[in-house]
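*Asks:* Fold the following and give me the result.
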Amino acid sequence: MNEIDRLSEFLQRLTPLSRSCLLSELERLELCGIDMPGSADIQSRLRAEFRKDGSTHARATNPSRYFFAPLELLLIDGAPEHANAGRISRNTLTPIWEWICRDLLPTMARDYIKAINDQVAANNPKEVQKIASTFQTKVVKVLESSLTSSESAESARAKLAQYTASRTAFDDVLKMLQVLRAGDALPKFNEKLPEKIAKFDDGHVAQITTQLDAFKRAHPQALPFALALVARRLKTSWQLVRLATKAAASKAAADVAATPYACVVPMVLDRLDDRRLALRIALRHNRVLIARDLLTEIYEIEYALKVRIDGIEHCDWGVRLQQLMDAIAALVSAEVSRFPANVGHILGSRRLRSHDTLGSKLTYLAWKGRDAMQDGAAAFRKLIGQN
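*Replies:* Got it, this is the predicted structure:
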């Protein structure tokens, strides 16, 4: 028996759910930059089985898809290992579902799967949604009662580790719990948002802030997910920062950190980290034009954060920003160094940093002058009020 036959035999010994879980785990490792010999062939075989459209992104099977439906707008296809405030990695859904079916609620899960499959076969979507909602409520109640102590939480974490080596799978379980607790509040909030926000100007910021204030009063723990829904409507992810900078007394990092929506800054840094991961994958597969576009966007995010938050380099936000930019610079340097010094590389072009042009530098200085005047006027008004 050759190696291919042995591989096929091994895969067929696994349950369909286990094969799906294996595919998600191999994709997770690839996104984390871990090379597994023979992984490409295994992934190709498993994708042919589970993803008829050839997609490289994980998709849950029918019963679990209905269960996870409330999470759909919050799912991302990146590696679970890095921070994703307000978002859940799609690659953790399969191990979470297997944990639910095998450890959390095995009997109820079997009943749920049978009921869903029966109603899908009967083409009864309303009943399908009702069954899924009922099972979601059961899972929420069990999680609320079983995660009340540190011991039970560690037990759940250990059980999850049997299905994935991801360190953040348990965190995604907690996020799932918060989303399911919010019920239809998140879909209703999402429906009220503009379809697209091309320019996140003062009017839009005020409108969205009012909506967020109301949502936060009713569902404070689900606020990061509402912010993630707002981010989906923005033309560029860094514009989310305006929810904090607009409400701040000044552009100083300390004043921005004191606003109710200061959490958007690390959320934007999360998205910068997304671009770093995507850049690494693009370079690994020699997709230089994709890498160029990603790098351009990365430089724009870096510039926006530095322009809109004074002194960011002296706080934790700035430390993380610098760490990300250092990691990105290392990727670019490694790519450029593959070519002779006399051969220019598109990723080494200064044009990618559009804000380094003379016009942009003059605009930057004008903004700084305007900000200094506004901050001074605000301080003067505050002083007069105190007197």
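*Asks:* In contact with residue 223, which residues?
*Replies:* Residue 223 makes contacts with 212, 215, 216, 263, as judged by CB atoms under 8 Å, 6 or more residues apart in numbering. Quick note: C-beta positions are derived from backbone N, CA and C, even for glycine.
*Asks:* pretty sure the first one is touching residue 261, no?
*Replies:* Yes. Taking contact to mean CB atoms under 8 Å, the distance of 7.2 Å between residue 212 and residue 261 places them in contact.
*Asks:* what about residue 322, how many neighbours?
*Replies:* The local packing of residue 322 (other CB atoms under 10 Å) involves 13 other residues.
*Asks:* Compute the distance between it and residue 315, please.
*Replies:* As judged by CB to CB, to the nearest Å, residue 322 and residue 315 stand 11 Å apart.
*Asks:* One more: residue 25?
*Replies:* In terms of CB to CB, residue 25 sits 36 Å off from residue 315.
*Asks:* where does the stretch 51-200 of the chain have low pLDDT?
*Replies:* 51-61, 78-82 (pLDDT under 70).
*Asks:* Let me see the ranges of the strands in it.
*Replies:* 75-76, 88-89 (DSSP state E, counting those that start in this stretch).
*Asks:* among these, which is nearest residue 225?
*Replies:* For the strands of the stretch 51-200 of the chain, the distance to residue 225 is smallest for strand 88-89, at 9.0 Å, taking CB to CB.
*Asks:* Show me what the closest one is packed up against.
*Replies:* strand 75-76, helix 169-182 (3 or more CB pairs under 8 Å, 6 or more residues apart in numbering; DSSP states H and E).
*Asks:* Please identify the deepest-packed of the ones you listed.
*Replies:* Comparing the helices and strands packed on strand 88-89 by mean neighbour count (mean count of other CB atoms under 10 Å), helix 169-182 ranks first with a mean of 20.
*Asks:* Any idea how far it is from the middle of the chain?
*Replies:* 14 Å (CA atoms, centre = their mean, to the nearest Å).
*Asks:* Kindly report the same for stretch 100-114.
*Replies:* 28 Å.
*Asks:* Name the residues that touch that stretch?
*Replies:* Around stretch 100-114, the neighbours that count as contacts under CB under 8 Å, 6+ apart are 17, 63, 67, 131-132, 135, 138-139, 142-143, 146, 156, 159.
*Asks:* how about CSV for those residues, with neighbour count and distance to residue 170 added?
*Replies:* Shown next, in CSV, are the contacts of stretch 100-114 (neighbours: other CB atoms under 10 Å; distance: CB to CB, whole Å):
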residue, neighbour count, distance to residue 170
17, 17, 19
63, 22, 22
67, 26, 18
131, 23, 27
132, 22, 23
135, 22, 21
138, 15, 20
139, 21, 15
142, 14, 15
143, 20, 11
146, 13, 12
156, 20, 7
159, 14, 10
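*Asks:* Closest one to residue 307 out of those, please.
*Replies:* When the contacts of stretch 100-114 are ranked by distance to residue 307 (CB to CB), residue 143 comes first, at 42.5 Å.
*Asks:* Please report the distance of residue 333 from residue 288.
*Replies:* 15 Å.
*Asks:* same thing with residue 218?
*Replies:* Taking CB to CB, one finds residue 218 at 48 Å from residue 288.
*Asks:* Comparing those two, which residue is more hemmed in?
*Replies:* Comparing residue 218 with residue 288 by neighbour count (other CB under 10 Å), the higher total belongs to residue 288, at 13 against 10.
*Asks:* Can you show me the helices along the stretch 101-250 of the chain?
*Replies:* Taking DSSP state H, counting those that start in this stretch, the helices of the stretch 101-250 of the chain run over residues 106-121, 125-146, 150-160, 169-182, 185-192, 202-218, 223-233, 242-245.
*Asks:* for the record, mean pLDDT for the shortest one?
*Replies:* Per-residue pLDDT values over helix 242-245 give a mean of 96.
*Asks:* same for that helix, what does it pack against?
*Replies:* helix 202-218, helix 264-284.
*Asks:* Kindly reformat those helices as JSON lines containing distance to residue 236 and mean pLDDT.
*Replies:* Shown next, in JSON lines, are the helices and strands packed on helix 242-245 (distance: least, CB to CB, whole Å; pLDDT from 0 to 100):
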{"stretch": "helix 202-218", "distance to residue 236": "13", "mean pLDDT": "96"}
{"stretch": "helix 264-284", "distance to residue 236": "10", "mean pLDDT": "92"}
